[in-house]
Structures are given as structure tokens and as C-alpha cells.
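1. Sequence first, then the predicted structure:
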Amino acid sequence: MKKEVFVVLNEYPFGTNHLAEKLRMSLGLTINSNISLNLVFMEKGKNALRNLDEAAVGIRDITKNINMLSEMGAKFLVEDGGDTFQLENITPESFLSGELEKVINNADIIIN
């Protein structure tokens, strides 16, 4: 039985590399076939799902890692807020603000 792993991404994608490092680490989790990876984008972290000029703002390969995670079968869960996401190769599922507990209810592991 697969373990449900949830990675919560709630910080800005620029300014620090915290979000970029969570995505990079998440890529490593996709190697394990016993893990079902769920990426939870909320609050400021939702900005990572926009087209970013990464070189201009000095951030690491966020878009490349998101694309790779999509190809590796990660599930994208995005806090609802009327945002329009510009990345074409992901199909996020939305959840209402304040329902994070409900979303991660089946988690075996939560990385925040």
C-alpha cells in the first residue's frame, strides 16, 4: 500500500530558495514507487504556478521542477482563490481556504 505524502508549499517562490528546495526534494520522493506524492500550493506558494522569469528574480529552477513533478505523476492541490495559473502541463485540483485539514486527512507524512 502506498504512503500518502503531502508537501505543503506556502511561501513565496522568490526571496529565498525554500520553495525551490521543497520542490527539488519532492522530486527525490517520486523515485520511490511506494509513495503517492501530493503537492499542496497555498497562500503565497500559489505564485510558483505562474510563468516566472526565474533569472530576473534570482530563483532556482522552480518551473522546471514543477514540470518534472507533473511528468512523474505528482498530484497538485491548490487552495482556491480565483487565481489563474499559467503553467500548461499541470492539472491542479482546488480546495477551499480553511479546508487544509480535510485535504491532508489521509496523509501518512506531511512535510511543511
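-> Nice, thanks for sending it over.
2. What score does S97 have for pLDDT?
-> Here, the pLDDT recorded for S97 equals 83.
3. i'd like the first residue to be 26 from this point on
-> Taking 26 as the first residue, the last one we looked at is S122.
4. Could I get the phi/psi values of it?
-> Dihedral angles of S122 (phi, psi; degrees, to the nearest 10) stand at phi -60, psi 140.
5. didn't it look like it was pressed against D105?
-> Yes - counting by C-beta atoms under 8 Å, S122 does reach D105; the two are 6.5 Å apart. In this view, the C-beta of every residue, glycine as well, is placed from N, C-alpha and C.
6. Using the three-state scheme, assign the spatially most central residue of the chain.
-> In the chain, the centroid-proximal residue (C-alpha atoms, centre = their mean) is L64; its distance is 3.7 Å. Secondary structure, DSSP: H, G, I helix; E, B strand; the rest coil: L64 is strand.
7. these two touch, right, it and S51?
-> Yes - using C-beta under 8 Å, L64 makes contact with S51 at a distance of 6.5 Å.
8. Which neighbours do the two have in common?
-> Here L64 and S51 share the contacting residues 32, 94, 99, scored by C-beta atoms under 8 Å, 6 or more residues apart in numbering.
9. show me the contacts for the last one.
-> To tie it back to what came earlier, the one meant is A99. Per C-beta under 8 Å, 6+ apart, neighbours of A99: 51, 55, 62-64.
10. if we can go back for a sec, need the pLDDT of the residue nearest to the centre of the chain.
-> 96.
11. same check, this time on F110
-> Reported pLDDT for F110: 67.
12. N130: neighbour count?
-> If you count neighbours by other C-beta atoms under 10 Å, N130 ends up with 9.
13. May I ask which helix or strand encompasses it?
-> If you go by DSSP states H and E, N130 is not part of any helix or strand.
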